[in-house]
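Student: any chance you could fold what I've pasted below:
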Amino acid sequence: MPKTFWQSLVFTALMATFMVLIMSSYNMLLHLNGVLWFVGWKSFFAELFCALASALLLAGSIAPRIARRLLPNNVSPLIKGVVITFFIASIMVPLMSWFVLGRKFGIDNVSWSMYSQAVMCNFAVAFPVQVLCLGNLVRQIFRRLIGIKYQQRKLFMQLSPYLRNTNAIMTAKFLLAANAVVICLASM
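Tutor: The predicted structure is shown next:
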């Protein structure tokens, strides 16, 4: 699992990319004969960037805190991972459903019943997919990229003094949030 902000960024980017691909495909197949939520793959990058920003800035920091408060200290890593994944899905599914529906139909045209149906349908797929297959796949890819022997891989080693700087991390988070807001506003 990620230990630093930059490792979290790589891990979250991998997870967000796969989840947006899977959920976009699911929604296109689900609504092929009805109203499409996603307009093909044109909206993929806007959805990916919104998912990456909200996962990194909101869900990735809130979900582990909630899990730590709810679970005892001696709980197995498997149970802890499933609980964290549940809370990440509980945060991400409503946010991304709102974003996609708002982009497609406009914020004023989204009804409560349309939104609640989207959240229920998406959560029913997102949580099992993330727990049963995508979590393991992304962890394996992450381990291959970062490696268990992180220091020997020389990944980010040339930039390591800059990457350890807390001001650089805060600047990166601020720029990510600002870009997400601009993309959200521009896409609506």
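Student: quick one: what helix or strand has the closest residue in space to residue 43 that isn't next to it in sequence in it?
Tutor: Leaving aside its sequence neighbours, residue 43 sits nearest to residue 103 (C-beta to C-beta, 6 or more residues apart in numbering; 6.6 Å). Where C-beta positions appear, they are placed from N, C-alpha and C, glycine not excepted. Taking DSSP states H and E as the criterion, the element that holds residue 103 is helix 77-105.
Student: I'd say the residue nearest to residue 43 and residue 44 touch.
Tutor: No: counting by C-beta atoms under 8 Å, residue 103 stays clear of residue 44, with 11.9 Å between them.
Student: between those two, which one's more packed in?
Tutor: Ranked by neighbour count (other C-beta atoms under 10 Å), residue 103 and residue 44 place residue 103 first, with 19 against 15.
Student: give me the pLDDT for the more buried one.
Tutor: The per-residue pLDDT reported for residue 103 equals 82.
Student: again, but for residue 41
Tutor: 59.
Student: ok, the nearest residue to residue 99 once chain neighbours are set aside - how many residues close by?
Tutor: Spatially, and ignoring its direct neighbours in sequence, residue 99 is nearest to residue 50 (5.2 Å; C-beta to C-beta, 6+ apart). Neighbour count for residue 50, taken as other C-beta under 10 Å: 24.
Student: now swap in residue 114 and tell me
Tutor: The number of residues packed near residue 114 is 15, by other C-beta under 10 Å.
Student: just the element for the residue nearest to residue 99, please.
Tutor: According to DSSP H and E, residue 50 maps onto helix 44-54.
Student: relative to helix 77-105, how tilted is that helix?
Tutor: 130 degrees (axes from the mean of the first three to the mean of the last three C-alpha atoms, to 10 degrees).
Student: pLDDT (mean, whole number) over the next helix or strand after helix 44-54?
Tutor: Next along the chain after helix 44-54, taking DSSP H and E as the criterion, comes helix 60-70. Here helix 60-70 scores 87 as its mean pLDDT.
Student: so which elements touch helix 60-70?
Tutor: If contacts are counted by 3 or more C-beta pairs under 8 Å, 6 or more residues apart in numbering; DSSP states H and E, helix 60-70 sits against helix 77-105.
Student: please identify the buried residues of the helix or strand following the helix it packs on?
Tutor: Note on helix 77-105: by DSSP H and E, the next helix or strand toward the C-terminus is helix 112-129. Within helix 112-129, the residues that count as buried by 16 or more other C-beta atoms under 10 Å are 118-119, 121-123, 125-127, 129.
Student: residue 48: how many residues sit nearby?
Tutor: 18.
Student: for it, what are its contacts?
Tutor: With contact taken as C-beta atoms under 8 Å, 6 or more residues apart in numbering, residue 48 is in contact with 16-17, 20.
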